[in-house]
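Novice: what's the 3D shape of this:
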Amino acid sequence: MTTVSPQAERGRFKSRNTYETRKEVALKIREQYPNHYPVIVEIDPRARGNLVITKHKFLAPHDVPLSKFMLEVRKVIQMSRQAPLAVMVESGHMVSGNSLMADLYERFKDPDGFLYILFSGDV
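Specialist: Sure, this is the predicted structure:
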């Protein structure tokens, strides 16, 4: 069985999918779920340690704060609620856990229609 190192997993969504494919998928998601945003969650390439995430695509309700959304992400990465977690958008901006997903999406969404969130367990 082949395993992929955490470093190899970082930033894979864009490299594995063409811009056109990503844009088409994001558009379909927005049409099917108008009150949700398509979000890609990945490990920050600069993160240390052996963080692993098995699911990258998420639907974020527009009216929830980032902190609540990240509770769901913590379940996927098997990270306790107490463990430190640094979160930023792909452009490198650190974002507040109080920020609503709608605000983050409108401000930082990629031209392909996805919001890219990077996380690191070391703060």
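
Novice: Could you identify the helix or strand that succeeds the longest helix seen in the chain?
Specialist: Ranked by residue count under DSSP state H, the longest helix found in the chain is helix 19-32. Using DSSP states H and E, the helix or strand that follows helix 19-32 in sequence is strand 36-43.

Novice: So which elements touch the longest helix of the chain?
Specialist: Here helix 19-32 touches strand 36-43, going by 3 or more Cβ pairs under 8 Å, 6 or more residues apart in numbering; DSSP states H and E. From N, CA and C alone the C-beta is placed, and that goes for glycine too.

Novice: Tell me which residues of the next helix or strand after the strand it packs on come out buried.
Specialist: As assigned by DSSP H and E, the chain's next helix or strand after strand 36-43 is strand 57-61. Applying a neighbour-count criterion of 16 or more other Cβ atoms under 10 Å, one finds 58, 60 buried in strand 57-61.

Novice: Next, the angle from strand 57-61 to strand 36-43.
Specialist: 130 degrees (axes from the mean of the first three to the mean of the last three Cα atoms, to 10 degrees).

Novice: in its sheet, what does strand 57-61 sit against?
Specialist: Sheet pairing for strand 57-61, assigned by DSSP bridges, gives strand 36-43 (antiparallel).

Novice: now the partner strand: mean pLDDT?
Specialist: Averaging pLDDT along strand 36-43 yields 94.

Novice: The helix or strand that contains Lys68: how far from the chain's middle?
Specialist: Secondary structure assigned from DSSP H and E places Lys68 in helix 66-76. Distance of helix 66-76 from its chain centroid, counting by Cα atoms, centre = their mean, to the nearest Å, is 10 Å.

Novice: One more: stretch 72-90?
Specialist: Centre-to-centre, stretch 72-90 and its host chain are 10 Å apart (Cα atoms, centre = their mean).

Novice: for that stretch, which positions count as buried?
Specialist: Neighbour-count burial for stretch 72-90 flags 73, 77, 79, 85, 87-90 (criterion: 16+ other Cβ under 10 Å).
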